[in-house]
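S.K.: what would the 3D arrangement of this be:
(chains A and B)
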Amino acid sequence: DGGITQSPKYLFRKEGQNVTLSCEQNLNHDAMYWYRQDPGQGLRLIYYSQIVNDFQKGDIAEGYSVSREKKESFPLTVTSAQKNPTAFYLCASGMTVGTEAFFGQGTRLTVV
Amino acid sequence: RKEVEQDPGPFNVPEGATVAFNCTYSNSASQSFFWYRQDCRKEPKLLMSVYSSGNEDGRFTAQLNRASQYISLLIRDSKLSDSATYLCVVIPVNSGNTPLVFGKGTRLSVIA
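M.R.: Coordinates of the predicted model:
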């Protein structure tokens, strides 16, 4: 099946630990994105990538890091520097940046 | 003025009703517009693109008003299954390399 896969669906971590969220796509899309959504709020852009080995900060990049070593993969690391990491994290991809995007099922991260 | 603004609702309507949502955007150079649907605790899914000439898909009609910088979504003959949050999405500039910007969404509840 073609699509975007995020794993895991639910993730629990202790405060102070780094955690990496996985995002894989087999749609041959160049653009990939990470958004964060808090309860009752809209989507906020964390990082995006236009092409392999390139990525740009979004509106709320502090405390996060990404890599884009392969076209199919765009993992997000939530570091201990992120003050409020508990949220719903959504990965998306699109043909290019500036076209419609398609989302994975999301990862709910809870930091206790 | 925020880049993309929507009335958060909720809109509570009976089955069979017609309901319309508006969304305003601040960047007059914006070229691409979309409506996404997000069910509770799920990922957003592309509902439809919004073209300059307007477009219709079954019970859904999307329109663009460039002069007033807003887009609209009209749902006719509402079904219970239409209950969701509807997200307005804009690509702010015509550079081909700007990520999508999401409104916070308008919540719709269709009541039996």
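S.K.: where does the prediction get shaky in the chain?
M.R.: All of this is about chain A. The model of chain A has pLDDT under 70 over residues A:1-2.
S.K.: meant chain B actually
M.R.: Within chain B, the stretches with pLDDT under 70 are B:1, B:93-97.
S.K.: how long is stretch A:101-112 end to end?
M.R.: With Cα to Cα, to the nearest Å as the measure, stretch A:101-112 spans 32 Å from end to end.
S.K.: that one near chain B anywhere?
M.R.: Yes - shown here: stretch A:101-112 in contact with chain B (Cβ under 8 Å from any Cβ of the partner chain) through A:101-106. All C-beta spots, glycine's among them, are computed from the backbone N, C-alpha and C.
S.K.: closest one of the residues you listed to chain B?
M.R.: A:F103 (4.0 Å; Cβ to the nearest Cβ).
S.K.: which ones are touching that closest one?
M.R.: Taking Cβ atoms under 8 Å, 6 or more residues apart in numbering or on different chains as the contact definition, A:F103 lies against A:4, A:90-92, B:43-45.
S.K.: and these, which of them are buried?
M.R.: Buried members of the contacts of A:F103, scored by 16 or more other Cβ atoms under 10 Å in any protein chain shown, are A:4, A:90-92, B:43-44.
S.K.: circling back: buried members of the residues of stretch A:101-112 next to chain B into ChimeraX, please.
M.R.: One line in ChimeraX is enough to select the buried ones among those; burial here means 16+ other Cβ under 10 Å:
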select /A:101,102,103,104,106
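S.K.: against B:V50, how distant is the residue minimising distance to the centre of chain A?
M.R.: Residue closest to the average C-alpha location in chain A (Cα atoms, centre = their mean): A:W34, at 3.1 Å. Distance of A:W34 to B:V50, given as Cβ to Cβ, to the nearest Å: 25 Å.
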